[in-house]
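Chemist: Sequence unavailable; structure follows:
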Ligand code: AKB
């Protein structure tokens, strides 16, 4: 049987970089696609195709020519950046997804597609702990696109048999590549400001609790949901997955346990309004029951890993 060939669209981004390294380490065949070349050294030896996911013809030929069987479609505009340029964000997020789904349904028969949804599909009506199938009234262009994307994924599965699978990611925290334009980015950005003369300036309120997750668990969730037989997935929606829930004050207190001189101040900006509409936590009982979702990294491990990585690496400043 021919070996699976995995393609990461958005491979130069925060999650794509981690996903690429993980697949490479597992000995999988991987092709990277992005509009900009990857920069993380550990994945520079992987084949790379410069592709704009909005260019359907180029995307279809790049997938076909490389014999791709599995797609991880991660290219997207995030919540904060999306509010600054709504038309661009909607176009990238919706056209990109529809191109991938349409190609999967027709030109290139893909075995499986992974596409991430987000906690941004929820709004104030969802409550502090968002249920799997509770109300979803998103307040951002990004959230609207993720909510619509979930419906499109379900439609392509129902109408065309496309095996697309999805989880609702919280804020993701890792060391290899910076996030770009998210509301949860403070929880990565802060690790570039552990010991400066100035206090780290956080753009959220000190007590704004949000769902968060270490990259190891985020990558693990994608691999896990893609690997189970389809029959085990009992919802057409993206699955809620939860790992951590903390506010800036709690994260910063944990950082101080590792870096006693760490200083911060909270000066909320427009991103606080976005965060205020999101839940503190998610009910992920369905993911745990259907495909054994079980996160492994707690807050103390997360901070320990991030502080050590920052002490040995070049800093990565998020690109808003
Ligand atoms: C963002 O902040 O926009 C993202 C997300 C929660 O999906 N990290």
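Modeler: Received, thanks. Since the structure is predicted, the reported quantities are computational estimates derived from the model, not experimental observations.
Chemist: Run through the stretch 201-320 of the chain and note the low-pLDDT ranges.
Modeler: By pLDDT under 70, the low-scoring segments of the stretch 201-320 of the chain are 313-320.
Chemist: mind listing the helices for it?
Modeler: Remark: helices assigned in the stretch 201-320 of the chain by DSSP state H, counting those that start in this stretch are 215-227, 248-258, 270-276, 285-291, 299-312.
Chemist: and those helices as JSON lines, adding mean neighbour count and distance to the ligand?
Modeler: From N, CA and C alone the C-beta is placed, and that goes for glycine too. JSON lines is the format used below for the helices of the stretch 201-320 of the chain (neighbours: other C-beta atoms under 10 Å; distance: least, C-beta to the nearest ligand atom, whole Å):
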{"stretch": "helix 215-227", "mean neighbour count": "20", "distance to the ligand": "10"}
{"stretch": "helix 248-258", "mean neighbour count": "18", "distance to the ligand": "14"}
{"stretch": "helix 270-276", "mean neighbour count": "17", "distance to the ligand": "8"}
{"stretch": "helix 285-291", "mean neighbour count": "17", "distance to the ligand": "17"}
{"stretch": "helix 299-312", "mean neighbour count": "16", "distance to the ligand": "15"}
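Chemist: Tell me which of those sits nearest to residue 129.
Modeler: With C-beta to C-beta as the criterion, residue 129 lies closest to helix 285-291 of the helices of the stretch 201-320 of the chain, at 10.9 Å.
Chemist: Give me the helices and strands touching that closest one, please.
Modeler: Identification of packing neighbours for helix 285-291 by 3 or more C-beta pairs under 8 Å, 6 or more residues apart in numbering; DSSP states H and E yields helix 215-227, strand 239-240.
Chemist: Quick one: residues in contact with that helix.
Modeler: 132, 167, 221, 224-225, 228, 232-235, 239-241, 293-294 (C-beta atoms under 8 Å, 6 or more residues apart in numbering).
Chemist: Briefly note if the one helix or strand residue 80 maps to comes near the ligand.
Modeler: For residue 80, the enclosing helix or strand under DSSP states H and E is helix 79-84. Yes. Counting by C-beta under 6 Å from any ligand atom, contacts between helix 79-84 and the ligand involve residue 79.
Chemist: model confidence over that helix, on average?
Modeler: Averaging pLDDT along helix 79-84 gives 98.
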